[in-house]
Every structure is written in structure tokens, then in C-alpha cells.
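Peer 1: structure of the sequence below:
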Amino acid sequence: FVALFFSLAFNDYLRFFVILVVLIIWRLVFHFPFRKKNVFSVVMGAPGSGKTTLCAFISKWCKSINEDVYCNADIKGTYIFSWKDDFGVYMIEDSTIITDEAGLEKGMYNRDYKTNFSGEEGYCKLERAKKHRHDGIDFWMLSQADDSDKKLRELAQIYYILKKTPFSWLMKIRVYETDIDVDPMTKEFRTIRKHKRTYLLFTPVVWLSFDTRERTQLPHKEWVMR
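Peer 2: Have a look, this model is predicted:
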């Protein structure tokens, strides 16, 4: 009886220890911290690294708390959104705005920096972007490179770098937080990015929320073979 008691107790302790370790690993590695923070975030990653998949994850989480999502990508359950035509033109509050492939959006491309925020409409866009916290907006800007307008990138408080993994159903996310510091050499202010965490995201749960092969249709041509 004593041997059976200690055997059951040991099994219970072992089971508790295993469950605790699994929960800690899940929390640290697989639990991507989606929560309402009203911050401006920038996401970068190579083609196929999972940027649109992350958009789907964000929208899925927002819908779980009944929050509206405005997005320029074709993701189910989101409102059709255009930076050029909608932002700073119509009032958007207490919601999440996602701009996929920001480097291709008119008014965001860094090569057009002289005209992106020119005129009254451009000034209004920049004003609303800077005051996104007052409007209760989480802003996500995604691109394959650091090619969006510098004025917008300077607003980013968090950077997410997406990395491919050997498995198509698993995505790696490196999180960097931005801060302002003084350069010890020049004594001038500088922006620094500190690596905080690395997460793994299980992607199949949102595969049906978007079309990864979505593309703009162009005119067809009868090709002549040599």
C-alpha cells in the first residue's frame, strides 16, 4: 500500500511537472502576444516568409474581441482599406489598420517622399498617423524591405522580422523594440532597436482566411515561339 501510494504520488508530481514545462514552453515560444496596445508596428520579411499569414492572424485575433480590422489585403472578415483614399480622409477609431506590401502603396513608397505628405491631405494623413494612439488604432505596416516612407517608419515602436523555417506550417518571428538614446561618440540622438523575443507561429489555422496566390490581372498576349 505504501509503495502504491508513493508510486501514484510520484506519477502525479511528474505529470504536474511535465504539464508545467509544456505550458512554460508554449508561453515563451508559441504564444505570440496579441493584445490591444495602440502601437505602430512594422513587419518585414522575404517573399513567402508569412507576411500575409501574419495579417490573417492579426485579423483573427481582433475579430475574437469584436474589433474592426481595415486591410488592403484580401483577408476574410476585414474592411477594404486604401491608405491613399481612406486614411486621413475618413474617421477611423478603436480599430486595427493593416497595410500589406506598404512599399507598393501610393503615399507610402519612400521614393516619393517629397509628395507623400504634401498638401493639406498629406498633412492630415501624417497628423492622424502620429496621433494613432489618441484614436485607439493599432497600425501594422508590412513590406518585403525597409522601403516605406521614413516618416512612417520613425513612428514604429515595434519591428517584427519574419524568417522562413524548413516547415511550411511554422513561422519564425523575431521581435525588436525601438528606443531613443544618445550616441556616446557624437552625442546626438539616435534610434536603436533591441531584440526582445523570438516566437514560432503555427500557420494552418488561418490558411483558409486568405488567398496566397492572389494577384492583379494583366492583359493577355499571344506569345510567338522562336
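Peer 1: which stretches of the protein have low pLDDT?
Peer 2: Regions of the chain meeting the criterion pLDDT under 70 cover residues 1-13, 16, 25-36, 211-216.
Peer 1: which parts of it are strands?
Peer 2: Assigned by DSSP state E, the strands in the chain fall at 40-45, 68-71, 79-80, 95-99, 137-143, 158-163, 170-182, 189-202.
Peer 1: residue 57: which of those is closest?
Peer 2: Judged by C-beta to C-beta, the one of the strands of the chain that comes nearest to residue 57 is strand 189-202, at 6.7 Å. Bear in mind the C-beta positions are built from the backbone N, C-alpha and C, glycine included.
Peer 1: buried residues, the closest one. List them.
Peer 2: 199, 201 (16 or more other C-beta atoms under 10 Å).
Peer 1: that one pairs with which strands?
Peer 2: In the sheet containing strand 189-202, the strands it pairs with under DSSP bridges are strand 170-182 (antiparallel).
Peer 1: now the partner strand, how far from the centre of its chain.
Peer 2: A distance of 12 Å separates the centroid of the chain from that of strand 170-182, by C-alpha atoms, centre = their mean, to the nearest Å.
Peer 1: compute the inter-axis angle for it and strand 40-45.
Peer 2: With axes from the mean of the first three to the mean of the last three C-alpha atoms, to 10 degrees as the criterion, the two stretches strand 170-182 and strand 40-45 enclose an angle of 130 degrees.
Peer 1: of all the strands of the chain, which one is nearest residue 217?
Peer 2: Distances from residue 217 to each of these were compared using C-beta to C-beta; the minimum, 17.4 Å, belongs to strand 79-80.
Peer 1: chain center to that closest one: distance?
Peer 2: Centroid separation between strand 79-80 and its chain, computed with C-alpha atoms, centre = their mean, is 17 Å.
Peer 1: give me the contacts around that strand.
Peer 2: When contacts are defined by C-beta atoms under 8 Å, 6 or more residues apart in numbering, strand 79-80 is touched by residues 68, 69, 70, 71, 72.
Peer 1: show me which of these is closest to residue 22.
Peer 2: When those are compared for distance to residue 22 (C-beta to C-beta), residue 69 comes out closest, at 31.4 Å.
Peer 1: what's near enough to touch the closest one?
Peer 2: With contacts defined as C-beta under 8 Å, 6+ apart, the neighbours of residue 69 are 58, 59, 62, 63, 75, 77, 78, 79, 95, 96, 97, 98.
Peer 1: which one of those sits closest to residue 126?
Peer 2: Proximity of the contacts of residue 69 to residue 126 was ranked by C-beta to C-beta; the top entry is residue 97 with 14.7 Å.
Peer 1: quick one: contacts for that closest one?
Peer 2: By C-beta under 8 Å, 6+ apart, the residues touching residue 97 are 69, 70, 71, 81, 87, 137, 138, 139, 140.
Peer 1: go again with 7 Å.
Peer 2: Neighbouring residues of residue 97 by C-beta atoms under 7 Å, 6 or more residues apart in numbering: 70, 81, 137, 139, 140.
Peer 1: now, which of those residues sits nearest residue 116?
Peer 2: When the contacts of residue 97 are compared for distance to residue 116, the smallest value, 15.7 Å, is given by residue 139; criterion: C-beta to C-beta.
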